[in-house]
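> Requesting a structural model of the entry that follows:
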Amino acid sequence: MRTATFLSGLIAAALAAGCSPKPQPAEEAPGAGRQLVYFGTYTRGESRGIYSGWFSPATAEVTGLELAAEVPNPSFLALHPNRKYLYAVSEMLGGGQKEGAVSAFAIDHATGKLTLLNQVSARGAGPCHVAVDHTGKYVAVANYGSGSTALFPIGGDGSLGEATAFVQHQGKSVHPQRQKGPHAHEVVFSPDNRFLLVADLGLDEVLVYRFDAATGRLEANDPPFARLAPGSGPRHLAFHPVKPWVYVINELSSMVTALHWDAARGALEEFQTVSTLPEGFQGENAPAEITVHPSGKFLYGSNRGHDSIAVFAIDQEKGTLSGLATFSTRGEWPRNFSLDPGGRFLLAANQNSDSVSIYRVDETTGHLEAVGEPFAVPTPVCVLFVP
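Residues are numbered from 1 along each chain as shown. Next up, the predicted model:
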């Protein structure tokens, strides 16, 4: 189902009113079981930056949608462990500037508003992902355009300092347009905080760096990377919450690669590859996001083109994946999605139809049940819950 027509007249009215299309229940006071949620966007058309809203598990609605901070192209967001600060990359600043930026914000938990603390250069072009280490001392950034990784210290007030580490990736792979050079696409700290993993779409590699939380330094691990099949285009990855498994979603091949994770050595070893698409699909597709359910039983991945969320069961002994189903996102180009902190709901950002869809998660089967109609958010590309 396409939602662009339904939403075209809805977006302006919703934003002008400072709320989502669905009214807030009068009996639900601020903070009463609601969860703050942020939406990163591309600032084209009507979008002006990061938007905030309140998700109610009781009604499965997002209400009170409004602009939280005006910032160019905040395409990915990350939360500090203390929940006081939010970090956003800006892919392009305009004005002829070649480098993107990383911005630090203070969160007002009563209103959802964001106050800019400071902004620093991302040390590269097209930053597309940001992550905070588990100690809350450093922010890592993946620069897609220039194919590099940078690390920034976090001050006591949440602001960012100058980079303490910078790594320029080198090489290329087989795709004639997309893999002429490196394209770092995601940065993920290992569960023990000893390593930083970087999915590089241009190299067909997941690079592994030893991370020193005391000094903010990055050093190439031994082995320095896991190489995936040529033309895969690794985009994002997810650790299993308990077991030593890592799952990588590949943008160019529409496949998920499962790898064993040796936490002592920081080494990855592939053991399975499965498609994100239903059998027989012939159209163009570019997977984007991947997430493991908090229970560790299910894995979810988004398909841009097929416009769906693919659901897999995870074998709890072997880590292998079995495809269960695909569910329409009821919108176009689902770039990112996020499970709520309890794993009971999933929100999918449909970039090209200016909408976000809500699903209830069946915690027994992993299946998704659509709730209500998609609601209007201008050019949404990232969903971030604040627990």
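> CA atoms for contacts and neighbours, from now on please.
Noted.
> counting contacts, what elements does the helix or strand encompassing residue 50 pack onto?
Here residue 50 sits within strand 49-56, counting by DSSP states H and E. Applying 3 or more Cα pairs under 8 Å, 6 or more residues apart in numbering; DSSP states H and E, one finds that strand 49-56 makes contact with strand 35-41, strand 61-70.
> ok, the nearest residue to residue 299 once chain neighbours are set aside - contacts?
Excluding the flanking residues, the one nearest residue 299 by Cα to Cα, 6 or more residues apart in numbering is residue 292, at 4.4 Å. Counting by Cα atoms under 8 Å, 6 or more residues apart in numbering, residue 292 touches 238, 239, 240, 241, 298, 299, 300.
> Tell me where the stretch 201-350 of the chain has strands.
Along the stretch 201-350 of the chain, the stretches classed as strands by DSSP state E, counting those that start in this stretch are 205-212, 217-227, 234-239, 245-250, 255-262, 267-275, 286-292, 298-304, 308-314, 321-328, 334-339, 345-350.
> Out of these, which gets nearest to residue 80?
strand 334-339 (16.6 Å; Cα to Cα).
> Give me the helices and strands touching that closest one, please.
strand 286-292, strand 298-304, strand 345-350, strand 380-386.
> how far off strand 298-304 does that strand point, in degrees?
160 degrees (axes from the mean of the first three to the mean of the last three Cα atoms, to 10 degrees).
> Tell me the buried residues in strand 334-339?
Buried residues in strand 334-339, counted by 16 or more other Cα atoms under 10 Å: 334, 335, 336, 337, 338, 339.
> if we can go back for a sec, got the confidence number for the residue nearest to residue 299?
The model reports residue 292 with a pLDDT of 98.
> And residue 92, by the same measure?
Reported pLDDT for residue 92: 74.
> Just the element for it, please.
Using DSSP H and E, residue 92 falls outside every helix and strand.
> what does the one 10 residues further on give?
Taking DSSP H and E as the criterion, the element that holds residue 102 is strand 101-107.
> partners of that strand, with directions?
strand 85-90 (antiparallel), strand 114-121 (antiparallel) (DSSP bridges).
> Grab the nearest non-local neighbour of residue 85.
Per Cα to Cα, 6+ apart, closest to residue 85 is residue 106, 4.6 Å.
> Pull up the gap between that neighbour and residue 283, please.
The spacing between residue 106 and residue 283, counted by Cα to Cα, to the nearest Å, is 43 Å.
> In terms of neighbours, single out the busier of these two.
Here residue 106 and residue 283 are compared on neighbour count by other Cα atoms under 10 Å; more neighbours surround residue 106, at 21 against 7.
> Quick check: residue 153 touching residue 162?
Yes. Residue 153 is in contact with residue 162 according to Cα atoms under 8 Å; the separation is 7.0 Å.
> what about those two, which has more around it?
residue 153 (22 against 14).
> so which strand or helix has that one?
strand 148-153.
> related to what we said a few turns ago, between the helices and strands packed on strand 334-339, which one is closest to residue 314.
For residue 314, the closest of the helices and strands packed on strand 334-339 is strand 298-304, at 5.5 Å, according to Cα to Cα.
> Let's have the helices and strands packed on strand 334-339 in TSV, adding distance to residue 139.
Output for the helices and strands packed on strand 334-339, formatted as TSV (distance: least, Cα to Cα, whole Å):
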stretch	distance to residue 139
strand 286-292	20
strand 298-304	25
strand 345-350	24
strand 380-386	16
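> Tell me which of those strands lies nearest to residue 215.
Of all these, strand 380-386 sits nearest to residue 215, with 28.2 Å by Cα to Cα.
> Partner strands of that closest one, with direction?
strand 35-41 (antiparallel).
> The strand it pairs with vs strand 61-70, what angle?
Using the same axes, to 10 degrees: strand 35-41 against strand 61-70 is 50 degrees.
> Other residues contacting strand 35-41?
Strand 35-41 has contacts (Cα under 8 Å, 6+ apart) with 47, 49-56, 73-77, 109, 112, 377-387.
> Just the buried ones from these?
By neighbour count, with 16+ other Cα under 10 Å, these hold 47, 49-56, 73-77, 112, 377-386 as buried.
> Not counting its neighbours along the chain, what's nearest residue 152?
Closest residue to residue 152 apart from its sequence neighbours, by Cα to Cα, 6+ apart: residue 163 at 4.4 Å.
> Spit out the contact partners of that neighbour.
Contact partners of residue 163, counting by Cα under 8 Å, 6+ apart, are 150, 151, 152, 153.
> Please report which of these has the highest neighbour count.
Busiest of those [other Cα under 10 Å] is residue 151, holding 27 neighbours.
> before we move on, back to that, so what strands line up beside the strand holding residue 153?
strand 138-143 (antiparallel), strand 165-168 (antiparallel).
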